[in-house]
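> please work out how this folds:
(chains A and B, ligands or ions: 4)
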Amino acid sequence: MFESLSSRFEGVLKRVRGKGRLSAEDVEDFLGEFRLALLDADVHLAVVRTFQDRIRERAVGSEVSGALNPGQQVVKIVLEELTAVLGGETHRLSYASKPPTVVLLAGLQGAGKTTTAAKLARWFKTQGRNPMLIGADLQRPAAVEQLQTLAERIDVPVFSDPTDSVSVARAGLAEARRLGRDVVICDTAGRLAIDDDLMDELVGVAEVLEPHHTLLVVDAMVGQDAVKTAESFHARLGLDAVVLTKLDGDARGGAALSIKEVLGRPIAFASTGETLDDFELFHPDRLASRILGMGDVETLIERAEETFEQVEAEAAASRLLDGSFTLNDFLDQLKALRKMGPISDIMGMVPGMAHQMKGVEADVDERRIDRIEGIIHSMTPSERANPDVIDGSRRARIAAGSGTKPNEINQLVRQFREMRKMMKQMGGKSQGAKGRRKGRKTRGSRTTVGGSVPIDKKKGLSLPGLGDAEGAGSFPVDLGS
Amino acid sequence: MGLRSHLSRARGALSSHLVSIRAAGIVEERTWRDLEDALLLADVGAKTTDELLSEARERFERNDEVDVEGLLGILKSVLIERLGVTDRSLATGGEPSVWLFVGVNGAGKTTTIGKVGSREVAAGLQVVFAAGDTFRAAAADQLATWADRVGSPLVRGAENADPSSVIFDAVEHAAARGADLVLADTAGRFHTKSNLMDELAKVRRVAEKGSGTVTETLLVIDATTGQNGLVQARQFAEVVEVTGIVLTKLDGSARGGIVVAVQEDIGIPVKLVGVGEGGDDLVEFDPVDFVDALFGVTAEI
Ligand SMILES: Nc1nc2c(ncn2[C@@H]2O[C@H](COP(=O)(O)OP(=O)(O)OP(=O)(O)O)[C@@H](O)[C@H]2O)c(=O)[nH]1
Ligand SMILES: Nc1nc2c(ncn2[C@@H]2O[C@H](COP(=O)(O)OP(=O)(O)OP(=O)(O)O)[C@@H](O)[C@H]2O)c(=O)[nH]1
Ligand SMILES: [Mg+2]
Ligand SMILES: [Mg+2]
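Ligands and ions are numbered 1, 2, ... in the order given. Next up is the predicted model:
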């Protein structure tokens, strides 16, 4: 029922095709579509606004560079802003130095706490731990029976008592210590954030348990209220992370994005079904693509990156051919290479590379490249553009800055000069080759080192210009061919 | 007690949007944006919000006497009209009648059955509970607790028994004792899982194989649900003839705005509203109270 972002964008992209720069109006059109996509995915209105503002600020005017067409530019910005929020570290549960590690689960009614408690226990078992469960939900009918039934399936003990939740928590923790259990997971009753009495009770449980990890369990179907709820729980409990449940449905899960943006707390786990092994560490990128419509984000990113690489590489190529290739370009190429895998593998895979680069080859290992990067980073822009200015005192400064020895800098500069000379010769020979590449329409599989990056044309966007540039993106590969 | 009195606790804070709308005194472009925000934040959804506001704007522009309060009145009536003047009563008439409760996981099906049972028993009906959720851990125990509270019999099967046959047995049990109503629980399921949806269709068929008649199939939707609620409603309505919506957990701070789109889209009214975890926390749906609550104005009235 929801339009994917690609189909939403398509109309606007068509209109701005070929324009030199984006008007404020064009940007608003993009933002309008983007806003609808996010709202349909249950991203909180305020978060949608923040996104729009950030994108607007970057998109109108200044940043539209000559290299990309305006449509590409907006897509790039959208992607960067989205990944900035969704990305980040995966939350890993650390263990208490003095066991047991205590995990407290909280959330609204029916969010999936009890199921998550059992799933977590199972997960800890797979990590070689000995978990114990505490059933502190004495409110909901048969909540403890539910936890017990689940725990039996994974052979984990459950502690509960028909007293009150704070007493159960206290006694449960003592029991875990007595049994020498190294992880304790406490299930609690579902409660509304606006229910002060029940929130007080939960704080009481937390005071007794002093949990190392307090996790909010959030249903992926939840709408705009998610942020308010999460804020209230956070204010009372101090949340460490979120567990997102019911991702096996088709809810987009935009609320999770909102919680992450507003609370700054990561999503630790994703729950994807009713059976206890339907549980995994959370992958931010998957949620990104889900929010905007499956598959789209990857495609967008691929296309966008492809273009940037191509644009950059083309620029570098022309600098190379006229001899103005700099250490900056060299650094970019190194980085591009490294993205493709271990350098030694890549060198081996490139036809003719091993042969052409004889002598250089021996030096190419990961640590060496780290050092090269360090050296270049310690240079000033003018040194990078023209290494010939590097004299003794500059050399000493760079060496100090990068933790290397002055003779390593000499070596790098020497190799760079040689390389540039070699490239220039090759460039002279292959002027025609570049022309040929330009004429060839090979889009389906971009040739890169270590295999091709397939681009699914059917599901992909038809972004004007994105992905339409030719093989120049494989510039580093073409070095030796 | 009506919906309104149950909601007041949750609506202590007047929506900030409404405050600024009223403070401005006059209707300006800003007013429309604030109204839009209020509706979006209540989970009404972008598309429905757009439709509601265009309709309201049209009416507003036809009449130049209207001030802010008048505009709010217009928007409310647009909403109330959408929610319609439909019959929200629950049908009986079978021997016994069967009311089937369906919905996604954790929506509040089992609890709602407990509440409905309590209400119908109080109204003098003989009720039988059918523990048609044979899948989820301790689901039958949960329903058994409610049956005990209400003092009505429960028919249950073994773990992972065929839900159709459990419900069939309950219907026969009720028929043999001359009971009026079978309240049939089902396991929570996602509309995306076709095998589980097929199972539900079978439950619906088999429930009528004996002497009973399914007079209500109630789709239970959690008021915190966002835009996915609409997809749920469509899919469930396609597989079993949904006759009404139960909107649960409206005692929280979520406003349940998705049911505006749901009711319009599948043409099925919201019949009941859950406003708590207790046996009495069930009220009939009232469009006026609901719409007031959407704007967060209940506390003020
Ligand atoms: N499909 C699916 N169902 C889930 C998932 N997690 C939980 N559930 C189901 O959601 C329903 C509610 O889960 P519970 O674990 O009982 O939720 P809770 O938060 O403990 O509920 P209360 O204790 O009543 O507040 C059950 O039917 C679970 O089987 C999930 O990731 N996917
Ligand atoms: N605050 C509040 N909680 C409710 C309401 N209705 C149900 N609940 C709670 O929501 C949780 C889930 O309710 P259940 O009745 O178990 O939901 P279900 O749809 O049967 O769940 P599954 O069978 O696991 O799919 C329980 O903790 C209920 O007490 C309501 O109207 N208000
Ligand atoms: Mg529970
Ligand atoms: Mg149930």
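> so how far is the helix or strand hosting residue B:35 off the chain centroid?
Assigned by DSSP states H and E, residue B:35 falls within helix B:29-41. In terms of Cα atoms, centre = their mean, to the nearest Å, the centre of helix B:29-41 is set 25 Å apart from its chain centre.
> other SSEs contacting that helix?
The contact analysis (3 or more Cβ pairs under 8 Å, 6 or more residues apart in numbering or on different chains; DSSP states H and E) places helix B:29-41 against helix A:45-59, helix B:16-24, helix B:46-62, helix B:68-83. For glycine as for every other residue, the C-beta is placed from the backbone atoms N, C-alpha and C.
> residues contacting it, please?
For helix B:29-41, contacts defined as Cβ atoms under 8 Å, 6 or more residues apart in numbering or on different chains pick out A:39, A:45, A:224, B:15, B:17-18, B:20-21, B:24, B:46, B:48-49, B:52-53, B:56-57, B:68, B:71, B:75, B:255, B:257, B:294-296.
> also stretch A:201-212?
Stretch A:201-212 is contacted by residues A:94-96, A:101-104, A:106, A:136, A:165-166, A:169-170, A:173, A:184, A:186, A:188, A:191, A:214, A:236-237 when judged by Cβ under 8 Å, 6+ apart.
> which of the residues you listed count as buried?
Buried members of those, scored by 16 or more other Cβ atoms under 10 Å in any protein chain shown, are A:101-104, A:106, A:136, A:165-166, A:169-170, A:173, A:184, A:186, A:188, A:191, A:214, A:236-237.
> in helices, which of these appear?
Mapping those onto helices (DSSP state H) picks out A:165-166, A:169-170, A:173, A:236-237.
> the residue nearest the centre of chain B sits in which helix or strand?
Closest residue to the average C-alpha location of chain B: residue B:246 at 1.9 Å, with Cα atoms, centre = their mean. Assigned by DSSP H and E, residue B:246 belongs to strand B:244-248.
> now that strand: how far from the chain's centre is it?
Strand B:244-248 has its C-alpha centroid displaced from the chain centroid by 1 Å (Cα atoms, centre = their mean).
> tell me which other helices or strands it touches.
Counting contacts by 3+ Cβ pairs under 8 Å, 6+ apart, strand B:244-248 packs against helix B:109-122, strand B:213-222, helix B:258-266, strand B:270-274.
> in its sheet, what does it sit against?
Next to strand B:244-248 in the sheet, as set by DSSP bridges, lie strand B:213-222 (parallel), strand B:270-274 (parallel).
> tell me, how many residues neighbour residue B:90?
Residues lying near residue B:90 (other Cβ atoms under 10 Å in any protein chain shown) number 19.
> please read the previous query as pertaining to residue B:186.
30.
> what's the domain layout of chain B?
Residue ranges for each domain of chain B read B:4-86, B:97-248, as given by automatic domain parsing.
> local confidence estimate at the residue in the stretch 201-301 of chain B that ligand 1 sits nearest to?
Nearest residue of the stretch 201-301 of chain B to ligand 1, counting by Cβ to the nearest ligand atom: residue B:277, 8.6 Å away. What the model reports as pLDDT for residue B:277 is 97.
> now it: closest residue in space, sequence neighbours ignored.
residue B:111 (6.5 Å; Cβ to Cβ, 6 or more residues apart in numbering or on different chains).
> how close does that neighbour sit to residue B:143?
Noted for residue B:111: a distance of 9 Å to residue B:143, by Cβ to Cβ, to the nearest Å.
> just residue B:89 next, same as before
24 Å.
> neighbour count for those two, which is higher?
residue B:143 (28 against 10).
> what's the local residue count around whatever residue of chain B ends up closest to ligand 4?
In chain B, the residue that lies nearest ligand 4 is residue B:110 (3.2 Å; Cβ to the ion). When neighbours are counted by other Cβ under 10 Å, residue B:110 registers 28.
> so who does it touch?
Contacts of residue B:110 (Cβ under 8 Å, 6+ apart): B:101, B:133, B:139, B:142-143, B:146, B:185.
> test my guess that residue B:45 contacts residue A:39.
Yes. Counting by Cβ atoms under 8 Å, residue A:39 is a contact partner of residue B:45 at 7.5 Å.
> of these two, which one has the most company?
Remark: of residue B:45 and residue A:39, residue B:45 carries more neighbours, 26 against 22, as counted by other Cβ under 10 Å.
> how near is that one to residue B:72?
Distance from residue B:45 to residue B:72, counting by Cβ to Cβ: 20 Å.
> cool, residue B:201 as well?
Residue B:201 sits 44 Å away from residue B:72, going by Cβ to Cβ.
> please say which of these two ends up with more neighbours.
Neighbour count, other Cβ under 10 Å: between residue B:201 and residue B:72, residue B:72 has more, with 20 against 13.
> correct me if wrong: the more buried one contacts residue B:21.
Yes. Under the criterion of Cβ under 8 Å, residue B:72 makes contact with residue B:21 at 7.5 Å.
> pull up the overlap in contacts between these two.
Here residue B:72 and residue B:21 have no joint contacts, going by Cβ under 8 Å, 6+ apart.
> any part of stretch B:203-221 near ligand 1?
No. Stretch B:203-221 stays clear of ligand 1 (Cβ under 6 Å from any ligand atom), getting no nearer than 12.0 Å.
> which ones are touching the residue of the stretch 51-200 of chain B found nearest chain A?
In the stretch 51-200 of chain B, the residue that lies nearest chain A is residue B:106 (3.0 Å; Cβ to the nearest Cβ). Residues counted as contacts of residue B:106 (Cβ under 8 Å, 6+ apart) are A:109-112, A:219, A:246, B:188, B:222.
> out of those, which are close to ligand 1?
A:109-112, A:246, B:188.
> report the separation between the residue of chain B closest to ligand 4 and residue B:242.
As judged by Cβ to Cβ, residue B:110 and residue B:242 stand 18 Å apart.
> just residue A:418 next, same as before
Counting by Cβ to Cβ, the gap from residue A:418 to residue B:242 is 76 Å.
> settle it for me: which of these two has more neighbours?
More crowded of residue A:418 and residue B:242, by other Cβ under 10 Å: residue B:242, with 22 against 12.
> find the residue closest to the more buried one in space, skipping its chain neighbours.
For residue B:242, ignoring the flanking residues on the chain, the nearest one in space by Cβ to Cβ, 6+ apart is residue B:219 at 4.6 Å.
> deepest-packed of the domains of chain B, please.
Of all the domains of chain B, domain B:97-248 has the most neighbours on average by mean count of other Cβ atoms under 10 Å in any protein chain shown, namely a mean of 22.
> can you give the distance of that domain from its chain's centre?
For domain B:97-248, the distance to the chain centre is 14 Å (Cα atoms, centre = their mean).
> for chain A, which residue gets nearest to ligand 1?
Ligand 1 sits closest to residue A:190 of chain A, with a gap of 2.3 Å, by Cβ to the nearest ligand atom.
> count of neighbours near that residue?
Neighbourhood size, residue A:190 [other Cβ under 10 Å]: 22.
> same thing with residue B:266?
Number of residues near residue B:266 (other Cβ under 10 Å) recorded here: 18.
> what sits against residue A:265?
Each residue near residue A:265 by Cβ under 8 Å, 6+ apart is listed here: A:216, A:234, A:239-242, A:259.
> phi first, then psi, for it.
Per-residue torsions, residue A:265: phi -100, psi 140 (degrees, to the nearest 10).
> chain B contacts on the stretch 101-250 of chain A?
Neighbours of chain B within the stretch 101-250 of chain A, by Cβ under 8 Å from any Cβ of the partner chain: A:108-112, A:139-143, A:145-150, A:192-194, A:219, A:221-226, A:228-229, A:246, A:248-250.
> ok, and which of the residues you listed reach ligand 2?
Restricting these to those near ligand 2 by Cβ under 6 Å from any ligand atom leaves A:109-110, A:140, A:192.
> residue B:153: which of the residues you listed is nearest?
Proximity of those to residue B:153 (Cβ to Cβ) peaks at residue A:140, which lies at 22.2 Å.
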